[in-house]
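**Q** Only the shape, not the letters, is given here:
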């Protein structure tokens with residue numbers, strides 16, 4: 001599997017604190033079936049990380065994983081807060097894209113009121129290129145107006161859902177909305193958004209099975225992420241029958 005959203009780099013955001021924590025996350029990911037992790041530290045006003053620091057830490061972590069025979073390769077990326085993205089220049093944004101491909105992981109505001117959020121995102125897409133939305137199921141503005149998210153998806157924006165959301169780790173309302181997005185075929189990727197090995201670990205496959213999305217696991221965690229990293233056409237969603245779990 002390919003994990004497109006993981007806070008595995010040490011000491012630069014609210015994810016791994018030390019390189020030992022980073023190795024532990026990667027080791028747990030490998031045991032869960034992940035072979036590629038895109039490191040996506042926050043790039044925000046609180047965590048004003050840059051591509052040079054991210055690239056340096058990715059190289060250090062890959063060297064450490066190789067030395068410890070952890071079968072995971074880490075690529076550079078970022079989770080860029082929309083509220084901060086307007087302050088980042090175009091060249092730097094290009095260096096923050098996922099795995100060196102054309103897609104930027106953009107975090108929508110986690111506040112209930114986000115005026116003209118759809119217009120802002122569409123304008124950003126027009127000026128800067130392809131957008132993968134980080135955990136839209138946790139964005140209150142989309143809960144209030146699901147049609148806004150639907151219109152963004154129709155305009156080419158993709159969604160990346162946190163695996164834990166599908167099984168209730170962020171509460172029942174987030175789970176309900178995540179499963180609603182699954183029913184409406186508005187999920188394009190499932191990632192771990194891992195921050196540690198315990199509370200927010202790097203699992204994906206088990207959560208997909210529990211949520212009744214196991215038949216889509218290859219598409220959500222292998223085919224689509226590979227296309228995003230490589231800048232290829234997003235493969236069509238497989239036709240799978242609805243499951244009882246998605247009807248809950």
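**A** Perfect, I can see it now. Note that the structure is a prediction, hence the values are computed from the model and not measured.
**Q** Report all helices and strands that the lengthiest helix in the chain contacts.
**A** Ordering each helix of the chain by length in residues (DSSP state H) puts helix 51-67 first. The contact analysis (3 or more C-beta pairs under 8 Å, 6 or more residues apart in numbering; DSSP states H and E) places helix 51-67 against helix 19-31, strand 36-39, strand 73-76, helix 90-95. Bear in mind the C-beta positions are built from the backbone N, C-alpha and C, glycine included.
**Q** Tell me which of those is the most buried.
**A** Of all the helices and strands packed on helix 51-67, strand 36-39 carries the top mean neighbour count, a mean of 26, counting by mean count of other C-beta atoms under 10 Å.
**Q** how much space between the nearest residue to residue 137 once chain neighbours are set aside and residue 78?
**A** Distance criterion C-beta to C-beta, 6 or more residues apart in numbering; nearest residue to residue 137, sequence neighbours excluded, is residue 178 at 4.1 Å. For residue 178, the distance to residue 78 equals 23 Å [C-beta to C-beta, to the nearest Å].
**Q** One more: residue 205?
**A** 25 Å.
**Q** got it, and residue 62?
**A** 17 Å.
**Q** Tell me which of those two has more neighbours.
**A** Just comparing residue 62 and residue 78: by other C-beta atoms under 10 Å the higher neighbour count belongs to residue 78, 30 against 17.
**Q** Could you report the pLDDT at the more buried one?
**A** pLDDT recorded at residue 78 is 98.
**Q** which ones are touching it?
**A** For residue 78, the contacting residues are 40-43, 49, 51, 54, 96, 104-105, by C-beta atoms under 8 Å, 6 or more residues apart in numbering.
**Q** Mind putting those into a markdown table with pLDDT and distance to residue 85?
**A** Below are these laid out as a markdown table (pLDDT from 0 to 100; distance: C-beta to C-beta, whole Å):
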| residue | pLDDT | distance to residue 85 |
| --- | --- | --- |
| 40 | 98 | 14 |
| 41 | 98 | 14 |
| 42 | 98 | 12 |
| 43 | 98 | 8 |
| 49 | 97 | 13 |
| 51 | 98 | 14 |
| 54 | 98 | 15 |
| 96 | 98 | 9 |
| 104 | 98 | 8 |
| 105 | 98 | 11 |
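**Q** With distance to residue 127 as extra columns, can I get these in CSV?
**A** CSV is the format used below for the contacts of residue 78 (distance: C-beta to C-beta, whole Å):
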residue, distance to residue 127
40, 21
41, 23
42, 22
43, 17
49, 22
51, 19
54, 22
96, 15
104, 11
105, 17
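**Q** just checking, residue 178 touches residue 159?
**A** No: with contacts counted by C-beta atoms under 8 Å, residue 178 stays clear of residue 159, the gap being 9.9 Å.
**Q** Between the two, point out the one with more neighbours.
**A** Using other C-beta under 10 Å as the criterion, residue 178 and residue 159 rank with residue 178 on top: 28 against 22.
**Q** did I read that right, that one in a helix?
**A** Yes: counting by DSSP: H, G, I helix; E, B strand; the rest coil, residue 178 is located in a helix.
**Q** separation between it and residue 213?
**A** Distance of residue 178 to residue 213, computed by C-beta to C-beta: 10 Å.
**Q** Can I get the helices and strands packed on helix 51-67 in TSV including distance to residue 150?
**A** Listed next are these as TSV, based on distance: least, C-beta to C-beta, whole Å:
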stretch	distance to residue 150
helix 19-31	32
strand 36-39	26
strand 73-76	30
helix 90-95	26
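**Q** closest to residue 186 out of the ones you listed?
**A** strand 36-39 (21.5 Å; C-beta to C-beta).
**Q** who's in contact with that closest one?
**A** 1-9, 26, 29, 54, 57-58, 61, 72-77, 98-99, 202, 225, 229.
**Q** Let me see the mean pLDDT of it.
**A** pLDDT averaged over strand 36-39 gives 98.
**Q** Thank you kindly, that will do.
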